[in-house]
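>>> What follows is a predicted structure for the sequence shown.
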Amino acid sequence: MQRVAIYPGSFDPPTNGHLDLIERGAKIFEELVVAILRNSEKSPMFSVAERLEMLRQLTADLKNVRIDTFDGLTVEYAKSIEATCILRGIRAISDYEYELQMALMNRKLEPTLETVFMMPADKYSYVSSRLVREVAQAGGPVKGLVPEIVEKKLREKLEPAYRFHDEIHRVEQESPAAREKKKRKKRA
């Protein structure tokens with residue numbers, strides 16, 4: 001029997017923490033299905049198609065990883081693809097409390113479906129898609145938090161915020177004399 005696991009989530013956007021769990025999960029399971037939840041109640045930054053494409057690019061070298069989408073209950077999706085396990089990441093105690101409730105509910109709904117918790121590498125233990133979105137929307141740097149492909153997509157999507165941040169940084173780096181000279185030139 002082939003062990004198939006699903007790693008469900010919104011992946012909006014995919015982070016280095018997600019990629020860390022995907023790579024490690026691929027070593028444990030014969031097949032790992034990264035399943036993007038289509039949630040009509042949320043307003044995602046990236047469309048399902050954009051997230052699907054980013055994750056496909058990021059996992060192209062992992063032959064036993066498949067990217068898919070689903071809606072509805074995770075346990076129903078798991079049954080539909082004959083998965084026996086759900087992979088979930090835990091960064092902090094607050095994650096554990098939420099994930100434990102979900103795992104117990106999933107077990108109640110489908111007793112044969114196991115949940116495996118993995119902690120991301122220490123350097124990604126604080127990274128979440130929500131925090132990455134907030135930093136990016138403010139024009140802040142996300143290098144090291146997300147793969148380069150995702151960083152590029154964030155810049156494209158949020159170009160005005162990044163231009164504003166870059167301009168402020170450039171002005172801050174100018175000497176006071178250079179700023180004064182520009183002011184005089186504008187007045188003239």
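Noted; the coordinates are in hand.
>>> contacts and neighbour counts: CA atoms only from here.
Will do.
>>> Have a look at the chain and report its longest helix.
The single longest helix within the chain, with elements called by DSSP state H, is helix 93-109.
>>> next helix or strand past the lowest-mean-pLDDT helix or strand in the chain?
The helix or strand with the lowest mean pLDDT-type score in the chain, counting by mean pLDDT, DSSP states H and E, is helix 159-173 (a mean of 59). Remark: after helix 159-173, the chain's next helix or strand is helix 176-187, criterion DSSP states H and E.
>>> Show me what that following helix is packed up against.
If contacts are counted by 3 or more C-alpha pairs under 8 Å, 6 or more residues apart in numbering; DSSP states H and E, helix 176-187 sits against no helix or strand.
>>> I figured A35 hits V65, correct?
No. With contacts counted by C-alpha atoms under 8 Å, A35 stays clear of V65, the gap being 10.4 Å.
>>> In contact with the closest residue to S128 other than its chain neighbours, which residues?
Nearest non-adjacent residue to S128, counting by C-alpha to C-alpha, 6 or more residues apart in numbering: T15, 7.1 Å away. Contacts for T15 (C-alpha atoms under 8 Å, 6 or more residues apart in numbering) come out as V127, S128, S129, V132, L145, V146, P147, V150.
>>> Let me see the residues that make contact with the longest helix of the chain.
With C-alpha under 8 Å, 6+ apart as the test, helix 93-109 has contacts from T74, V75, R88, I90, L113, E114, T115.
>>> What of stretch 37-47?
P8, G9, S10, D12, P13, V48, T69, F70, D71, R133.
>>> Just the terminal-to-terminal distance for that stretch.
Using C-alpha to C-alpha, to the nearest Å, the end-to-end distance of stretch 37-47 comes to 11 Å.
>>> now swap in stretch 59-75 and tell me
Start-to-end span of stretch 59-75 (C-alpha to C-alpha) is 24 Å.
>>> Equivalent analysis for stretch 78-91, please.
23 Å.
>>> which residues touch that stretch?
The contact list for stretch 78-91, computed with C-alpha under 8 Å, 6+ apart, reads 3-8, 21, 25, 96, 99, 112-120, 125-126.
>>> pLDDT (mean, whole number) over it?
Averaged across stretch 78-91, pLDDT comes to 95.
>>> Pull out the buried positions in it.
Neighbour counts over stretch 78-91 (16 or more other C-alpha atoms under 10 Å) mark A78, A83, T84, C85, I86, L87, R88, G89, I90, R91 as buried.
>>> does the second one sit in a helix, a strand or a coil?
Looking back up the chat, that one is A83. In three-state terms, and counting by DSSP: H, G, I helix; E, B strand; the rest coil, A83 is coil.
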